[in-house]
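Engineer: return a 3D structure for these sequence lines:
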Amino acid sequence: MKSNLIARYLSRPRYNRYLAATRNDKRRAEKLYNGNIRLARAFHPLLSQFEVVLRNSLNDVLIRHFGDTDWIINQKSGFMSDRTLSHKRYFLRGCVQKSESKLITVGILLASGKIVSDQTLGFWTSFYTSIH
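Structural biologist: I've put the predicted structure just below:
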C-alpha cells in the first residue's frame with residue numbers, strides 16, 4: 001500500500017506497530033504491512049472453509065439436539081432468550097433477528113438454511129463460550 005494511502009486509511013496506532021517493528025523505517029514498515037496483507041490473503045480460503053465446516057457441523061448437532069430443523073428460528077424464544085444471556089445482550093438472538101430483517105428487506109423468504117448460512121464466524125464460535 002502506498003504511503004499516502006496508509007496515512008489516509010489506516011489508524012495511527014495500527015500502523016505504529018509496523019513502524020515499531022522496523023525501528024521507524026517507513027520503507028520497511030510499508031513492506032512489512034504489505035507482507036501482512038499477502039499473508040492474510042493466503043489464509044482467507046482456509047479460514048473460509050473452516051467456517052463452513054464449523055457452521056454445518058454445529059447446525060447438524062443442534063438439529064439433532066433440539067429435534068428441529070428450524071432450531072435457529074424457534075430457539076429465538078428458547079435458549080437464545082434465557083435471562084442468563086442478558087449481560088451478553090442476547091447476542092445469538094440478535095444475530096438471528098438481524099439476518100431475518102436483512103432477508104426480509106431484500107425479499108427473500110425466511111428459511112432456516114438461509115439464516116444459518118448468513119451467520120458470522122463469531123456467532124458459531126460463541127457456542128464454545130461457557131455461557132452457552
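Engineer: got a list of what W124 touches?
Structural biologist: E51, L54, R55, L58 (CB atoms under 8 Å, 6 or more residues apart in numbering). Quick note: C-beta positions are derived from backbone N, CA and C, even for glycine.
Engineer: closest one to K31 out of those, please.
Structural biologist: E51 (29.9 Å; CB to CB).
Engineer: against V96, how distant is the closest one?
Structural biologist: Distance of E51 to V96, computed by CB to CB, to the nearest Å: 17 Å.
Engineer: pLDDT below threshold where in the chain?
Structural biologist: Along the chain, segments meeting pLDDT under 70 span 1-7.
Engineer: what's the first helix or strand after the lengthiest helix in the chain?
Structural biologist: Across the chain, the longest stretch assigned as helix under DSSP state H is helix 26-66. Of the helices and strands lying after helix 26-66 in sequence (DSSP states H and E), the nearest is helix 71-74.
Engineer: for that next one, packing partners?
Structural biologist: Judged by 3 or more CB pairs under 8 Å, 6 or more residues apart in numbering; DSSP states H and E, helix 71-74 is in contact with helix 26-66, helix 91-105, helix 112-118.
Engineer: next, format those as CSV and append mean neighbour count and distance to N74.
Structural biologist: Output for these, formatted as CSV (neighbours: other CB atoms under 10 Å; distance: least, CB to CB, whole Å):
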stretch, mean neighbour count, distance to N74
helix 26-66, 13, 7
helix 91-105, 16, 10
helix 112-118, 16, 9
